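>>> Next come a sequence and a model predicted from it.
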Amino acid sequence: MAAILSHADVETAARRRLPRFLYDYISGGSYDEVTLRRNRDRLQALALRQRVMRDVATIDMTTELFGGPAALPVVLGPVGLAGMCARRGEVQAARAARAAGVPFCLSSVAVCDLEEVSAAGADLWFQLYMVRDRGFLAELLQVAAARARVLVFTVDMPTAATRYRDFRSGMSGSPGLTGTIRRTVQAALRPRWAWDVGLRGRPHSLGNLKSVVGGRGAGNFAAWIMRNFDPGVTWADLEFVRRHWPHRLVIKGVMDPDDAAAAAGSGADGIVVSNHGGRQLDGVAATCDALPQVVQRVGGRATILVDGGVRSGIDVMRMLALGADGVMLGRAWAYALASGGERGVGAMIETVARELHAGMTMTGSRTIAETRHALA
């Protein structure tokens, strides 16, 4: 791990370790990947306001997110199939999050289930999609409520967008034997991964969905998603979720100020400004461009998180300066998990912390609240 210093180093190491179908699944976006690139480019274009002689001998990076303390204003956000990046990958990432003092949000389409991940002892959040089978949904919410303290209800996936990289790699669009052969060949070209994850990391089923998907491989879940995701969901359906969820509720996938107002008005405790990492509606604005309008519209009625294009502590600083209360990392921790397992995720969080500390110091921001004035 000593040679891995920056996010670019981590991503390179992940690309070398993962089979192509997994690397492309994590790194890719929908259609022409315009929004995927825009998230990064627009965020990195934001200039910080360098300040001097500000007495920054003490920097406090701690915060509180939905009643729980966090050592950094950072959450390891939900990443589907992250358990394929390393052996029982979500558990390893959750242990790293616990050690670093930051929350971990488990995807509903994770390889490891809630019971297995909750044993890691992290500040556990759970991400949920609305599906047609409300009976199954109620049962899943009951299981989650006993193990997680925050529900991240994702609303920006009424249907799955096309991701061309996944079709080319065999991750999707190649059912049956053809897709299996493609993935098997790619896995064979990564023998370390094939042994450690492909063989020793079993089972590879979707742990939280095993009662409805069964033991089918993680690469074959797309058909179930297309059949069961509910495009008819509206704000009225939050009442169903509220009836079965007793803890804090966060709405993820909000980009429009009107939707932010509706989310806050529905009683949500928080909002995640997100375009699904550029994996859904291609051509939509970058999250850093949508964030200030959401902050202005919601007016402190809900905690505001953001994701999209964030790779470093300086990127976290930029999002905080735009008004976010916290930042969700996605690809950043998935790459770190693939390249170094639990230690890799821990090292990534430490790097983000060092970069954020330096950014706060050199912008004269002694607390998270003071980062609001850090943009040039």
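Ah, there it is. Numbers count the residues shown, from 1 in each chain.
>>> So what's the residue count around Pro203?
By the criterion of other C-beta atoms under 10 Å, Pro203 has 14 neighbours. Quick note: C-beta positions are derived from backbone N, CA and C, even for glycine.
>>> Angles on the backbone of it, please.
As for Pro203, its main-chain torsions (degrees, to the nearest 10) stand at phi -80, psi 150.
>>> How about stretch 265-281, which residues are buried there?
Residues of stretch 265-281 classed as buried by neighbour count (16 or more other C-beta atoms under 10 Å): 266, 268-281.
>>> who's in contact with stretch 62-71?
For stretch 62-71, contacts defined as C-beta atoms under 8 Å, 6 or more residues apart in numbering pick out 61, 72-73, 75, 100-103, 123, 149-150, 248, 250, 269-270, 303, 305, 325-326, 353, 368.
>>> Could you list which of those residues belong to helices?
If you go by DSSP state H, the contacts of stretch 62-71 have Ala100, Ala353 in helices.
>>> Please verify my assumption that Leu46 contacts Met319.
No. Contact between Leu46 and Met319 fails when scored by C-beta atoms under 8 Å: they sit 9.1 Å apart.
>>> who's more crowded, those two?
Counted by other C-beta under 10 Å, Leu46 and Met319 do not tie: Met319 has more neighbours, with 28 against 18.
>>> ok so, going back, which of the contacts of stretch 62-71 fall in strands?
Under the assignment DSSP state E, those contribute Val75, Val150, Arg248, Val250, Gly270, Thr303, Leu305, Gly326 to strands.
>>> Hmm, the first one is touching Gly326, no?
Yes. Proximity of Val75 to Gly326 meets the contact threshold set by C-beta under 8 Å, at 6.1 Å.
>>> any common contacting residues for these two?
When contacts are counted by C-beta under 8 Å, 6+ apart, Val75 and Gly326 have Leu65, Leu305 as shared neighbours.
>>> Surely Ala323 is within a strand?
One thing to correct before we go on: residue 323 is Gly, not Ala. No. Looking at Gly323 with DSSP: H, G, I helix; E, B strand; the rest coil, it is coil, so not inside a strand.
>>> Nearest residue to it in space, ignoring adjacent ones along the chain?
Spatial nearest neighbour of Gly323, chain neighbours left out: Val295 (3.5 Å); criterion: C-beta to C-beta, 6 or more residues apart in numbering.
>>> Next one, pLDDT for the one you found please.
Note on Val295: pLDDT of 98.
>>> could you pull out the strands for this structure?
Under DSSP E, the chain gives strands at 63-65, 68-70, 74-76, 104-106, 124-129, 150-154, 248-254, 270-273, 303-306, 326-329.
>>> To Ile181, which of the ones you listed lies closest?
strand 124-129 (29.8 Å; C-beta to C-beta).
>>> And Gly29, how close does it get to Leu137?
According to C-beta to C-beta, to the nearest Å, Gly29 stands 28 Å off from Leu137.
>>> more neighbours, those two?
Between Gly29 and Leu137, counted using other C-beta under 10 Å, Gly29 has the larger neighbour count: 23 against 20.
>>> dump the residue contacts of the nearest residue to the more buried one once chain neighbours are set aside.
Among residues not flanking Gly29 along the chain, Leu36 sits closest, at 3.1 Å (C-beta to C-beta, 6+ apart). Leu36 sits next to Gly28, Gly29, Ser30, Gly277, Gly278, Arg279, Asp282 when contact means C-beta under 8 Å, 6+ apart.
>>> Could you give the average pLDDT over stretch 6-24?
Mean predicted confidence for stretch 6-24 is 96.
>>> any idea how far it is from the chain center?
Its chain's C-alpha centre and that of stretch 6-24 lie 17 Å apart, by C-alpha atoms, centre = their mean, to the nearest Å.
>>> hmm, who's touching that stretch?
By C-beta under 8 Å, 6+ apart, stretch 6-24 touches 3-4, 26-27, 81, 84-85, 165-166, 168-171, 182-183, 186-187, 189-190, 192-194, 219, 311-312, 331-332, 334-336, 338-340, 344, 348, 351.
>>> are any of these buried, and which?
4, 26-27, 81, 84-85, 165-166, 168-171, 182-183, 186-187, 190, 193-194, 219, 311-312, 331-332, 334-336, 338-340, 344, 348, 351.
>>> Mind telling me which residue is nearest the centre of the protein?
Gly77 (2.8 Å; C-alpha atoms, centre = their mean).
>>> which stretches of the stretch 101-250 of the chain have low pLDDT?
Filtered on pLDDT under 70, the stretch 101-250 of the chain yields the residue ranges 173-177, 213-226.
>>> ok, back up a step: in helices, which of the buried ones among the contacts of stretch 6-24 fall?
Counting by DSSP H, the part of the buried ones among the contacts of stretch 6-24 found in helices is 26-27, 165-166, 168-169, 182-183, 186-187, 193, 331-332, 334-336, 338-340, 344, 348, 351.
>>> for the residue of the chain most remote from its centre, what are its contacts?
Using C-alpha atoms, centre = their mean, the residue of the chain lying farthest from its centre is Met53. It sits 36.9 Å away. Listed by C-beta under 8 Å, 6+ apart, the contact set of Met53 is empty.
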